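S.K.: sequence plus the predicted model coming up.
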Amino acid sequence: MTATVPSEKPADDSAAGSGDELGATDPATRLTPEQFWQYVAELGGRAEPEGFAALIETLAQLRSAAICSFADHLATALYALDSRDRMAQPIRDTADGPDSPAFPLSKEVFLYARLAVVVAGRETWQRVADDPSAMAGTWDLGAEELLYVAPAAFAQRTGSDWTHRTELDHTTGSNADGWA
């Protein structure tokens with residue numbers, strides 16, 4: 001089963017922040033998929049606190065709508081990987097070592113594994129999106145921290161709480177086609 005990604009809609013400007021100085025109403029502040037993956041590439045394929053902190057600093061330099069756009073792209077990438085076939089693959093955590101047995105996945109741990117695929121970069125994400133069996137393997141489940149990058153960058157940039165809601169739900173089981 002090939003992953004399908006729905007077409008993107010414009011960001012919800014009302015959730016992006018209140019001031020034009022932050023680009024809340026400027027459609028040019030939407031990130032392209034290429035830009036999203038360039039920002040992810042700054043992590044170097046690793047889920048390390050220093051990398052996430054640097055990414056937060058980088059995103060905080062953007063307009064608020066662009067930060068929200070980063071979250072939208074992340075939700076789209078996670079949604080595309082959300083499927084029964086991928087969750088059925090044997091997955092290990094890098095923290096457990098390469099010889100550890102695979103373990104049954106909860107919905108939450110499967111989300112962390114999908115985040116690890118995104119952190120690994122566009123090429124890895126595309127491989128797993130195209131072939132559910134490519135989800136099998138050892139992933140750094142510390143990639144959960146990627147979920148908090150956009151909200152932290154937004155708070156740093158605007159001084160406001162994160163209220164943006166992505167169009168797509170990244171939680172496990174939200175992609176009805178992937179679970180049919």
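M.R.: Here it is on my side, so go on.
S.K.: what's the helix or strand for the residue nearest in space to the middle of the chain?
M.R.: With distances taken as Cα atoms, centre = their mean, residue 74 lies nearest the centre of the chain, 3.1 Å away. Under the criterion DSSP states H and E, the helix or strand holding residue 74 is helix 64-81.
S.K.: C-terminal to that helix, what's the next element?
M.R.: Assignment by DSSP H and E places the next element after helix 64-81 at helix 84-87.
S.K.: tell me which strands and helices that following helix is in contact with?
M.R.: With contacts taken as 3 or more Cβ pairs under 8 Å, 6 or more residues apart in numbering; DSSP states H and E, helix 84-87 sits against helix 107-119. Where you see a C-beta, it was placed from the backbone N, CA and C, and this is true even at glycine.
S.K.: quick one: buried residues of the helix or strand following the helix it packs on?
M.R.: On the C-terminal side of helix 107-119, the nearest following helix or strand under DSSP H and E is helix 122-130. For helix 122-130, burial by neighbour count (16 or more other Cβ atoms under 10 Å) applies to 122, 124, 125, 126, 128, 129.
S.K.: need the pLDDT of the fourth one.
M.R.: As summarised for this prediction, residue 126 has a pLDDT of 98.
S.K.: dump stretch 106-120 to PDB, restricted to CA.
M.R.: Only the C-alpha atoms of stretch 106-120 are listed here, as PDB (Å, rounded to 0.1, in the frame of the first residue of the first chain):
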ATOM      1  CA  SER A 106       1.200   1.100  21.600                       C
ATOM      2  CA  LYS A 107      -0.400   3.900  19.600                       C
ATOM      3  CA  GLU A 108       1.900   6.400  21.400                       C
ATOM      4  CA  VAL A 109       5.100   4.400  20.700                       C
ATOM      5  CA  PHE A 110       4.100   4.000  17.000                       C
ATOM      6  CA  LEU A 111       3.700   7.800  16.800                       C
ATOM      7  CA  TYR A 112       7.200   8.200  18.200                       C
ATOM      8  CA  ALA A 113       8.500   5.700  15.600                       C
ATOM      9  CA  ARG A 114       6.900   7.700  12.800                       C
ATOM     10  CA  LEU A 115       8.500  10.800  14.200                       C
ATOM     11  CA  ALA A 116      11.800   9.000  14.100                       C
ATOM     12  CA  VAL A 117      11.300   8.200  10.400                       C
ATOM     13  CA  VAL A 118      10.700  12.000   9.800                       C
ATOM     14  CA  VAL A 119      13.800  12.900  11.800                       C
ATOM     15  CA  ALA A 120      15.800  10.400   9.700                       C
END
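S.K.: mean confidence for that stretch?
M.R.: Confidence over stretch 106-120 (mean pLDDT, whole number) is 97.
S.K.: any regions of the protein where pLDDT drops low?
M.R.: Within the chain, the set of residues satisfying pLDDT under 70 comprises 1-28.
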